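Peer 1: I would like to see how this sequence folds:
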Amino acid sequence: MTSDMRPDEDGVVAPTGRRRSPGERVALRGDLRAALPDATAAVVVTALVFALLWARMESGASDTVAVMPFMDDPGTYWMYLLSQAFGWSALLWAWGTVVLGLLLSGPRPARLPVSRQVLERWHRTTSLTTTALMSAHALMFAAELVRYETQVDWAQRLWVAFADTFVPGWYDSGTGRIAIPIGQGALYLAIPLGLLFYVRHRIGANTWRRLHRFVIVVYVLSVWHTLLYGTNVWYGEWPRTVLWLLQLPVAVLLLMRLLRPARRAERLGRPGGGAARPGWWLRAAGRVLAGAVVIGLVVVVVSGRDGGRDRPAHPPATAPHAQETD
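Peer 2: Numbering: from 1, shown residues only. Below you'll find the predicted structure:
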């Protein structure tokens, strides 16, 4: 940010000396148009991931088949593969939008490849794309369940698939009892937290900022859901370790953002040497927790103990997702 630019009351960069007028407020319609290139890239990435998953399932090298041996025909289970592909793209875009958000709200980088306004626009458009990808991931999972439930009529199949996918606590089999509600929580938080930006002038900038901080919770729930339920990283092998490793820059940026937030009101220092700002201890505890997370991630990556299961010598007779787990 240059010396003649500063965040306005909405947290958006505006020239010093004037406030953003209502006519200049960022509108959802404009960001949806701006998100088209980003969404197109996401579709391309999803298609590439889908093709990779298809090829691995067809060749017998798929980890999904190792977890669920009956899923050895990509032509039959293509909707499940597409759900996986959307899920991985959603996680990648969520990673990107969180990194952008932490760069914007943390200490000012010495150099930025693009202007801060461009980073803000990228942050908003990737957020919209992430929400769309998460929704597509859930919808394709539901579509696979509709196809799978062949023993009942269409109305019941649709209801069961909808409830299993979108009703918290309904899915009651194996790891899905925990993993699916976690994924639902991520989706149900992502939608309002992303869209509240466009009504911040109605709810107040401070209220929006407080709520927007919970975006990191959406990301944590998304990663947790993937580690618990993503068959591509079910076993304790390099893909799972890489997934853990990718969380290290997020944790480091979060720690830096907490230690040196862009907004002075969020810093730990006492104004004028007087009484501590409200929430001082809570902010201090957040910094300690973020530091502990960074250390924990380094330990996980270096030790290789990433919580994955050992690959069995013989494939299980039934899907572990549908069994009782520890």
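Peer 1: for this protein, longest helix please?
Peer 2: helix 116-148 (DSSP state H).
Peer 1: which element follows it toward the C-terminus?
Peer 2: helix 154-166 (DSSP states H and E).
Peer 1: buried residues in that next one?
Peer 2: Arg157, Val160, Ala161, Asp164, Thr165, Phe166 (16 or more other CB atoms under 10 Å). Placement of C-beta: from N, CA and C, glycine included.
Peer 1: hmm, back to that, for the longest helix of the chain, name the packing helices and strands.
Peer 2: The elements that helix 116-148 packs onto, with contact taken as 3 or more CB pairs under 8 Å, 6 or more residues apart in numbering; DSSP states H and E, are strand 13-15, helix 28-34, helix 36-59, helix 78-105, helix 154-166, helix 176-195.
Peer 1: so which of those gets nearest Leu253?
Peer 2: helix 78-105 (3.9 Å; CB to CB).
Peer 1: elements contacting that closest one?
Peer 2: Using 3+ CB pairs under 8 Å, 6+ apart, helix 78-105 sits against helix 36-59, helix 63-67, helix 116-148, helix 215-229, helix 238-259.
Peer 1: hmm, back to that, columns distance to Thr131 on top of the helices and strands packed on helix 116-148, output as JSON lines?
Peer 2: Shown next, in JSON lines, are the helices and strands packed on helix 116-148 (distance: least, CB to CB, whole Å):
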{"stretch": "strand 13-15", "distance to Thr131": "23"}
{"stretch": "helix 28-34", "distance to Thr131": "11"}
{"stretch": "helix 36-59", "distance to Thr131": "11"}
{"stretch": "helix 78-105", "distance to Thr131": "9"}
{"stretch": "helix 154-166", "distance to Thr131": "15"}
{"stretch": "helix 176-195", "distance to Thr131": "5"}
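Peer 1: point out the most buried one among the ones you listed.
Peer 2: helix 78-105 (a mean of 22; mean count of other CB atoms under 10 Å).
Peer 1: that one: how far from the chain's middle?
Peer 2: Centre-to-centre, helix 78-105 and its host chain are 6 Å apart (CA atoms, centre = their mean, to the nearest Å).
Peer 1: ok and it relative to helix 154-166, angle-wise?
Peer 2: 30 degrees (axes from the mean of the first three to the mean of the last three CA atoms, to 10 degrees).
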